[in-house]
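**Student:** The sequence and its predicted three-dimensional model are supplied below.
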Amino acid sequence: MPIYVDADACPVKEEVERVGTRHKVQMFIVSNGGLRPSQNPLVDNVIVPDGPDVADMWIADRAGSGDVVITGDIPLAAKCVAAGARVLKHNGEALTEANIGNILATRDLMADIRAVDPFRQGGGKGFTKADRSRFLDALERALRATSV
């Protein structure tokens, strides 16, 4: 039951490594490069070639039932949920079969709205300490549930 991290814009890589190490779980930190590699023997730093969605495809090709995936990329999350993985966003929100359809539809709707009004400002929330705390709790619960 490895953890796969879509790492290029991930604000919780250190937290994943800390919790994953405590649970003795293999972790794959997947990026296009530019990240400081971890010396942790449980962490595989995977550098994929530049290109759109290459890291996402690497993760989607490997994630399966019981694995944990950390990503903010909704299409990647949908593929991983379909493969049976437990998916968490950086703020601790779990993406599941029950909610991924609505989240994907909302993402597509917002993309359409942005396309109509390219001058639209804002829309995103900042990452807070409360988000980090929720993430740590959610990751802990996900790892405990998969080890049962």
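**Tutor:** Received, thanks. Numbers count the residues shown, from 1 in each chain.

**Student:** for this protein, what helix or strand is lowest in average pLDDT?
**Tutor:** One helix or strand of the chain scores below all others by mean pLDDT, DSSP states H and E: helix 100-116, with a mean of 71.

**Student:** C-terminal to it, what's the next element?
**Tutor:** Where DSSP states H and E defines the elements, the next helix or strand beyond helix 100-116 is helix 129-146.

**Student:** Tell me the buried residues in that next one?
**Tutor:** Along helix 129-146, these residues count as buried under the neighbour rule (16 or more other Cβ atoms under 10 Å): 131-132, 134-136, 138-139, 142-143, 146. For the C-beta atoms, the positions are set from N, CA and C on the backbone; glycine is no exception.

**Student:** Contacts made by it with the rest, please.
**Tutor:** Residues outside helix 129-146 that contact it (Cβ atoms under 8 Å, 6 or more residues apart in numbering) are 1, 3, 11-12, 15-16, 19-20, 23, 25, 66-68, 70, 86, 88-94.

**Student:** mind running it again at 10 Å?
**Tutor:** 1, 3, 11-12, 14-16, 18-20, 22-23, 25, 65-70, 85-94, 125, 127-128 (Cβ atoms under 10 Å, 6 or more residues apart in numbering).

**Student:** Also stretch 99-106?
**Tutor:** The contact list for stretch 99-106, computed with Cβ under 10 Å, 6+ apart, reads 74-75, 77-82, 87, 89, 93-96.

**Student:** Buried residues of it, list them for me.
**Tutor:** Buried, per 16+ other Cβ under 10 Å, within stretch 99-106: 100, 103-104.

**Student:** could I get those residues as TSV with distance to Asn40?
**Tutor:** Shown next, in TSV, are the buried residues of stretch 99-106 (distance: Cβ to Cβ, whole Å):
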residue	distance to Asn40
Ile100	30
Ile103	31
Leu104	33
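
**Student:** Can you tell me which of these comes closest to Val54?
**Tutor:** Closest approach between the buried residues of stretch 99-106 and Val54, by Cβ to Cβ: Leu104, at 20.7 Å.

**Student:** still on that earlier bit, which one of the contacts of stretch 99-106 has the most neighbours?
**Tutor:** Within the contacts of stretch 99-106, Ala77 tops the neighbour count with 29 neighbours, counted by other Cβ atoms under 10 Å.

**Student:** distance of it from Pro49?
**Tutor:** Per Cβ to Cβ, to the nearest Å, Ala77 is found 22 Å from Pro49.
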